[in-house]
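Engineer: sequence plus the predicted model coming up.
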Amino acid sequence: MATCTFNARTLASEACIEDPMIQARKIKYDVIGLTKTRRHRPLHAVCETGEELFLGTCDSRGVGGVGVLVNTHLAMNIDSYESLTTRIGRLRLRRCGSTTALTVSEDHTLFKVIVGDFNAKIGPRRTTEELHIGTHGMEWNEQGERLSEFIMSTHTIHVRGERAAKSRKRSPKTVVNWDHFASLASLWEDSVNDNIDEEYDQLVEHLHDCARRAESLKDVKKRLSSKTLELVRQRGIARATGNHQQTSELAKVRREAIEEDLKERRAAVMDEAAEAGKSIRKARRNFANYKTKMTSLHRPDGTVTASRRAMENVIYDFYSDLFDSYVYRPTCHLRQDGYVVLSVLPSEI
């Protein structure tokens, strides 16, 4: 399982959430731990592409706040998420498997992974007993010493994401969907044509048409302009080259551009709904690229549960009890003449 951390600095607005979601789709991950969200209201959202976002709240000073972003293929394994404090959150997953570094000969039913922004530097190994330390460290600091002592006392393993494992190139998928291939190939009608240039143009046009048909049929909501996406790309290049001043300047311009694009797009959606006579509330709800979900539920005894399986059982029991009938209805007996005596009069129905 690939786990990452991200210092968001703030995720208080919709525009602040948009950029990390764009950046997350460019990398391979399973779970991303988010720090410094600085939100005053919690959020549990399911994006259109299937990712689930959990954001906790900050303290009264606007400091702190944690959350997690779970990728699409792992969202079905989520059991619960709880914000224990403004700096600690707990995500429970089912059947996610263990990482390679944690694989041992013994069988375990529970694995714990701690991710976060510890502001700690752990250097190279100093003794042979420090098996939890990898070979990627360069220097130590005071926070690193404390983290190392904590790891040693709890018998955990320290892994740094960007160098914890070697990247392996996976071979492309070699299985061909012949049904889809045959449906596309059958559209091409080979005609006898003496002009090879004209036949080549027809082939190119047909290939472009096949490419358009192969794309997703679902309309993607274009929320950001091409200019804003170019700013996002330029900021990524500047950050990769280590130009901190240019990265800071582009980040500021990018945030302003995202806010302006979302504002203009939201106004356009509202105008289209008003002109078409549609519901403004529904149009505002459809403009968002995510849907909110509940994170916890009260049991009949007053306790709160965050487990999805437990919430499903509570909801099932509630509606089963609501629609079940406990009224005793006497059985109807047939007379000898075959006439049925109704237990209720027609006027009482």
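Structural biologist: On my side now, so go ahead.
Engineer: show me where the protein dips below the pLDDT cut-off.
Structural biologist: 96-109, 125, 128-138, 155-194, 213-222, 289, 325, 327-329, 332-349 (pLDDT under 70).
Engineer: mind naming the longest helix for it?
Structural biologist: Using DSSP state H to define each element, the chain has its longest helix at helix 244-276.
Engineer: name the helices or strands packed onto that one?
Structural biologist: helix 14-24, helix 226-241, helix 280-287 (3 or more Cβ pairs under 8 Å, 6 or more residues apart in numbering; DSSP states H and E). Quick note: C-beta positions are derived from backbone N, CA and C, even for glycine.
Engineer: format the ones you listed as TSV; extra columns: distance to residue 312.
Structural biologist: Compiled in TSV, these are given as follows (distance: least, Cβ to Cβ, whole Å):
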stretch	distance to residue 312
helix 14-24	28
helix 226-241	39
helix 280-287	25
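Engineer: out of those, indicate the one that is most buried.
Structural biologist: helix 14-24 (a mean of 18; mean count of other Cβ atoms under 10 Å).
Engineer: what's that one packed up against?
Structural biologist: By 3+ Cβ pairs under 8 Å, 6+ apart, helix 14-24 packs against strand 66-70, helix 226-241, helix 244-276.
Engineer: quick one: the strands in this structure?
Structural biologist: Taking DSSP state E, the strands of the chain run over residues 3-7, 31-35, 43-47, 52-55, 66-70, 78-83, 89-93, 290-292, 297-298, 304-305.
Engineer: domain assignment for the protein?
Structural biologist: Segmentation of the chain into domains, based on automatic domain parsing, reads 3-117, 226-292.
Engineer: relative to residue 144, which of those domains is closest?
Structural biologist: domain 3-117 (13.4 Å; Cβ to Cβ).
Engineer: now the end-to-end length of that closest one.
Structural biologist: Start-to-end span of domain 3-117 (Cα to Cα, to the nearest Å) is 13 Å.
Engineer: circling back to that earlier point, reformat the strands of the chain as JSON lines; add distance to residue 120 and mean neighbour count.
Structural biologist: Formatted as JSON lines, those follow (distance: least, Cβ to Cβ, whole Å; neighbours: other Cβ atoms under 10 Å):
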{"stretch": "strand 3-7", "distance to residue 120": "12", "mean neighbour count": "16"}
{"stretch": "strand 31-35", "distance to residue 120": "13", "mean neighbour count": "22"}
{"stretch": "strand 43-47", "distance to residue 120": "28", "mean neighbour count": "17"}
{"stretch": "strand 52-55", "distance to residue 120": "24", "mean neighbour count": "23"}
{"stretch": "strand 66-70", "distance to residue 120": "17", "mean neighbour count": "24"}
{"stretch": "strand 78-83", "distance to residue 120": "23", "mean neighbour count": "18"}
{"stretch": "strand 89-93", "distance to residue 120": "19", "mean neighbour count": "18"}
{"stretch": "strand 290-292", "distance to residue 120": "33", "mean neighbour count": "14"}
{"stretch": "strand 297-298", "distance to residue 120": "37", "mean neighbour count": "14"}
{"stretch": "strand 304-305", "distance to residue 120": "33", "mean neighbour count": "13"}
